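S.K.: 3D, please:
(chains A, B, C and D)
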2 protein chains.
Amino acid sequence: MILMLTGYPMDKMQEVEAFFRTGHLQYIPHLSVDCVIFGFHEGELKVLLLKWKHLERWSLPGGPIRRDQSVDETAHVVLKDRTGLDDIFLQQFYAFGSMDRKESVLLELFDRLNVSNHEANWLSERTVSIGYYALVDFSKVNPVPDFFSEACSWWDVCDRPSLLFDHDAMVERALQTLQQQLYYQPIGLNLLPDKFTMPELQQLYEAVLGRKLDRRNFQKKIQKMGIVERLKERRTGGAHRSPYLYRFDVPRYEQALAEGLAYGF
Amino acid sequence: MILMLTGYPMDKMQEVEAFFRTGHLQYIPHLSVDCVIFGFHEGELKVLLLKWKHLERWSLPGGPIRRDQSVDETAHVVLKDRTGLDDIFLQQFYAFGSMDRKESVLLELFDRLNVSNHEANWLSERTVSIGYYALVDFSKVNPVPDFFSEACSWWDVCDRPSLLFDHDAMVERALQTLQQQLYYQPIGLNLLPDKFTMPELQQLYEAVLGRKLDRRNFQKKIQKMGIVERLKERRTGGAHRSPYLYRFDVPRYEQALAEGLAYGF
DNA sequence: TATTATTGTGTACATCATACACAATGAGGC
DNA sequence: GCCTCATTGTGTATGATGTACACAATAATA
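M.R.: Below is the predicted model:
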């Protein structure tokens, strides 16, 4: 097999060729993970997508499962390899295994790369994919596309391109799971700066839930959770009345994560 | 390969031999489903287990995933083949993929069956298993063990034998998922007879949740759900005051299933 | 007929969800 | 310096819900 592409370093090309030709020795065929990475920026909920070279289409970051790695480990490695994101708290949410997830677009890609169907046929059948999601701090990560991708970028969850495979359904299901989780788990730590205002925290909740919340009731509910403490400082520089700054009470936050909240949103 | 067992019909033996020898052509190696089937009987929550021949150990009913079947379909087929249970509403709850789920007991079984490791090695590596659970009417099913099992029987969830593989963890996780589901979904239809009493329904909830509930508050909550109607009849023959009979209002029940309950237990 | 365990029922209290209005603030424009 | 204006901070009233709790009715049994 010779990859008929130019402009790539030779060692990378050899690595990619080996992946197509002998990947079935290292990876379990028909099994993969896909990651739905949510980010929060300027009041909007974002999702991290990869744009495939030669296909001009977008998908979630995903990849096959190595024979010597647990599925959880694989999810972290795949995310790191395909987007550069490291040390992310990933949560499994569903295994997608219907028969119509034949990844026929991959055949098109193989064709563009001059990979024969036969050589890469360990990749061309129906694949069962295990979905993971995460909620990350938009400003603290630096997405980098991998060899197969020409872009790795954030899209508004509600205004994203149509995705390859069944990845649209994966995003919907991940979002639904995240919203349900909001009912009994706190969020915000690792997503907001150390010090944040109540309106900022509320924006985060509104972005995830996709609906507006009442300012006063939101504040009461958060205070009752007992996971934040108000500081003496206020955030200045805004055009209006300065809001107070808050900080997460990390021990209480961790406790609420572990034990669950009595009631949520 | 010759299976050195006596007392089995020849065609069955050939089928089993073919499964070990050429199963990898029909099934996806390293991928399986396991089913946690809960039943309700005499106020106790039960789980359906298989006892392996030659191993004298118990496990959940499970099996490999066919290349031409969706994972959901496979779960139904596996359950039917291994326990005889048909037409059961199965729900996926988690994919188990840690590296320590090498099914080394299977090697022991192969040894007893005189299957060489080499011939069945498509079955002997780490397997990723997708867990499904169901809640079935104890009295309406008739469990039948398959070729590999010498028994298929109900065990009290809280008093069951230690299981093979990581199946103990699977039962715990399935139960936890079922309990969480109770907060926003009704249960009981297909589990109780057409006509049932309020104490019977309460026993079902108590068995699943593993705790006692207040009689009066339970009744109020169920009535507010609007999924049952009280009949004029009472159940006679008991040693004490006759309880009223109830019936599920099926359209409302289905609606609550689809839309979710506002609040639950 | 007395016993006994079980069933049916209603009320009081605390908690929670929700709706809602007005005063304080801080930048920018005049 | 003053006005404007969007934003933040705060409290209360009402209805719904969760929870705790006691006593009368009943149906078989002895």
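S.K.: who in the stretch 51-200 of chain A is up against DNA strand D?
M.R.: Contact residues, the stretch 51-200 of chain A versus DNA strand D (CB under 7 Å from any atom of the strand): A:197-199. Heads up, the C-betas are built off the backbone N, CA and C, glycines and all.
S.K.: now the residues you listed in TSV, with neighbour count?
M.R.: Listed next are those as TSV, based on neighbours: other CB atoms under 10 Å in any protein chain shown:
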residue	neighbour count
A:Thr197	18
A:Met198	18
A:Pro199	16
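S.K.: now, which of the residues you listed lie close to chain B?
M.R.: Counting by CB under 8 Å from any CB of the partner chain, the subset of these that neighbours chain B is empty.
S.K.: Which of those residues fall in strands?
M.R.: Members of those lying in strands (criterion: DSSP state E): A:Thr197.
S.K.: Closest one of the residues of the stretch 51-200 of chain A next to DNA strand D to chain B?
M.R.: A:Met198 (26.5 Å; CB to the nearest CB).
S.K.: Now the closest one: closest residue in space that isn't a chain neighbour?
M.R.: Sequence neighbours aside, A:Gln219 is the residue nearest to A:Met198 in space, at 5.7 Å (criterion: CB to CB, 6 or more residues apart in numbering or on different chains).
S.K.: elements contacting the helix or strand that neighbour falls within?
M.R.: If you go by DSSP states H and E, A:Gln219 is part of helix A:215-225. In this structure, helix A:215-225 makes packing contacts with helix A:198-209, judged by 3 or more CB pairs under 8 Å, 6 or more residues apart in numbering or on different chains; DSSP states H and E.
S.K.: Give me the mean pLDDT for the helix it packs on.
M.R.: Computed over helix A:198-209, the mean pLDDT rounds to 95.
S.K.: That one near DNA strand C anywhere?
M.R.: No - applying CB under 7 Å from any atom of the strand, one finds helix A:198-209 separated from DNA strand C by no less than 11.5 Å.
S.K.: roughly how far is that helix from the heart of the chain?
M.R.: Taking CA atoms, centre = their mean, to the nearest Å, one finds helix A:198-209 lying 19 Å from the centre of the chain it belongs to.
S.K.: Just the closest residue of the stretch 51-200 of chain A to DNA strand C, please.
M.R.: A:Tyr183 (9.6 Å; CB to the nearest atom of the strand).
S.K.: One more: the stretch 101-250 of chain A?
M.R.: Taking CB to the nearest atom of the strand, the stretch 101-250 of chain A has A:Arg241 as its residue nearest DNA strand C, at 3.0 Å.
S.K.: what about the helices in the stretch 101-250 of chain A?
M.R.: For the stretch 101-250 of chain A, helices defined by DSSP state H, counting those that start in this stretch occupy the ranges A:104-112, A:167-181, A:198-209, A:215-225, A:250-259.
S.K.: buried sites along the fourth one?
M.R.: Applying a neighbour-count criterion of 16 or more other CB atoms under 10 Å in any protein chain shown, the buried positions in helix A:215-225 are A:218-219, A:221-222, A:225.
S.K.: who's in contact with A:Glu233?
M.R.: Shown in contact with A:Glu233 (CB atoms under 8 Å, 6 or more residues apart in numbering or on different chains): A:195, A:244-245.
S.K.: repeat for A:Phe265
M.R.: A:Phe265 neighbours (CB under 8 Å, 6+ apart): A:182-183, A:205, A:209, A:213, A:221.
S.K.: what about the strands in chain A?
M.R.: Using DSSP E, strands in chain A cover A:27-41, A:44-52, A:58-59, A:62-66, A:91-96, A:128-136, A:149-156, A:195-197, A:228-234, A:244-248.
S.K.: thinking again about what came up before, could you identify the most distant pair in the contacts of A:Phe265?
M.R.: Spatial extent of these (CB to CB) is set by the pair A:Tyr183 and A:Leu213 at 13.5 Å.
S.K.: For burial, what's the neighbour tally of the closest residue in space to A:Ile222 that isn't next to it in sequence?
M.R.: Among residues not flanking A:Ile222 along the chain, A:Val228 sits closest, at 6.1 Å (CB to CB, 6+ apart). Residues lying near A:Val228 (other CB atoms under 10 Å in any protein chain shown) number 21.
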